[in-house]
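Student: give me the fold of what follows.
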Amino acid sequence: MHKSDNKLQFQMSQLREHYDKLARNHGYGPEAVQQSSLETQEQRLRLLAESVRDPFATVLDFGCGTGHLYEVLKREQSFGGLYTGYDLSDELLDLARSKHPDAAFEQRDVFVDGVGGTFDYVLISGVFNNQIGINWDFMTRVLETLFPFVKKCLAFNALSAYVDFKDSSLYYADPEQVFRFCKEKLSQR
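Tutor: Okay, here's the model as predicted:
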């Protein structure tokens, strides 16, 4: 058992409740996944979608929220592959299933249940943004857990510590530390 498992499970239950409430209050809108606008949400998702070089690939959207990345992939990349979305929130997953019945959505704890298969691409947007007190441990565990199940590319985003203003409810990662971790622990490429 990992030293922070109990705290992590508690934080994940808190996040699940938080996102369930956002989904109930905002429906499919970007606010349900803590995005300030559709424009900024799509800007982040388009950057991730650009890493998908095969329109018939298998894609895991880890922390999929409402599954809006699937919509962006289809529109921007002519995606026709197999898309799977994992999320904590049942409410968000219900919205995703309703909006995208041709995609697969699942509530899965990869630390307990495993990753559930291999994927050509694993994309992660916004998962590391909420302050949970053990953010670095959480980020590195997620990346180390998912990376062995990626055939082509793992791409993710996070808030940068290089900002002029910080919100105490959010986590800001040091880009140099993240790069060093990825290079030393995941892949030399």
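Student: ok, now how distant is the most far-flung residue of the chain relative to its centre from residue 178?
Tutor: Of all residues in the chain, residue 164 has its C-alpha farthest from the mean position, at 24.6 Å, by C-alpha atoms, centre = their mean. Residue 164 is 20 Å from residue 178, where distance means C-beta to C-beta, to the nearest Å. Yep, even glycine has a C-beta here, placed from its N, CA and C like the rest.
Student: which helix in the chain runs the most residues?
Tutor: Counting by DSSP state H, the longest helix found in the chain is helix 5-26.
Student: sketch out the low-pLDDT regions of the protein for me.
Tutor: 1-4 (pLDDT under 70).
Student: can you pull out the helices in it?
Tutor: Under DSSP H, the chain gives helices at 5-26, 38-49, 68-77, 90-99, 110-113, 135-146, 175-181.
Student: format these as JSON lines; extra columns: mean neighbour count and distance to residue 153.
Tutor: Putting the helices of the chain into JSON lines (neighbours: other C-beta atoms under 10 Å; distance: least, C-beta to C-beta, whole Å) gives the following:
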{"stretch": "helix 5-26", "mean neighbour count": "15", "distance to residue 153": "26"}
{"stretch": "helix 38-49", "mean neighbour count": "17", "distance to residue 153": "10"}
{"stretch": "helix 68-77", "mean neighbour count": "21", "distance to residue 153": "13"}
{"stretch": "helix 90-99", "mean neighbour count": "19", "distance to residue 153": "22"}
{"stretch": "helix 110-113", "mean neighbour count": "13", "distance to residue 153": "18"}
{"stretch": "helix 135-146", "mean neighbour count": "17", "distance to residue 153": "11"}
{"stretch": "helix 175-181", "mean neighbour count": "13", "distance to residue 153": "16"}
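Student: closest to residue 127 out of those helices?
Tutor: In terms of C-beta to C-beta, the element of the helices of the chain nearest to residue 127 is helix 135-146, at 6.9 Å.
Student: and the closest one with helix 5-26, angle?
Tutor: Between helix 135-146 and helix 5-26, the angle comes out at 90 degrees (axes from the mean of the first three to the mean of the last three C-alpha atoms, to 10 degrees).
Student: pull helix 135-146 out as CSV, backbone CA atoms only.
Tutor: Taking Å, rounded to 0.1, in the frame of the first residue of the first chain, the C-alpha atoms of helix 135-146 are listed here in CSV:
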residue,chain,number,x,y,z
ASN,A,135,-0.5,16.8,-5.8
TRP,A,136,3.0,15.8,-6.8
ASP,A,137,2.5,12.3,-5.5
PHE,A,138,-0.8,12.0,-7.3
MET,A,139,0.5,13.4,-10.6
THR,A,140,3.5,11.1,-10.7
ARG,A,141,1.5,8.0,-9.6
VAL,A,142,-1.1,8.7,-12.3
LEU,A,143,1.6,9.1,-15.0
GLU,A,144,3.6,6.1,-13.8
THR,A,145,0.4,4.0,-13.7
LEU,A,146,-0.8,4.9,-17.2
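Student: returning to what we had before: what sits up against the longest helix of the chain?
Tutor: 2, 31-34, 65-66, 87-92, 94-95, 109, 111, 130, 132-134, 137-138 (C-beta atoms under 8 Å, 6 or more residues apart in numbering).
Student: thanks a lot, see you next time.
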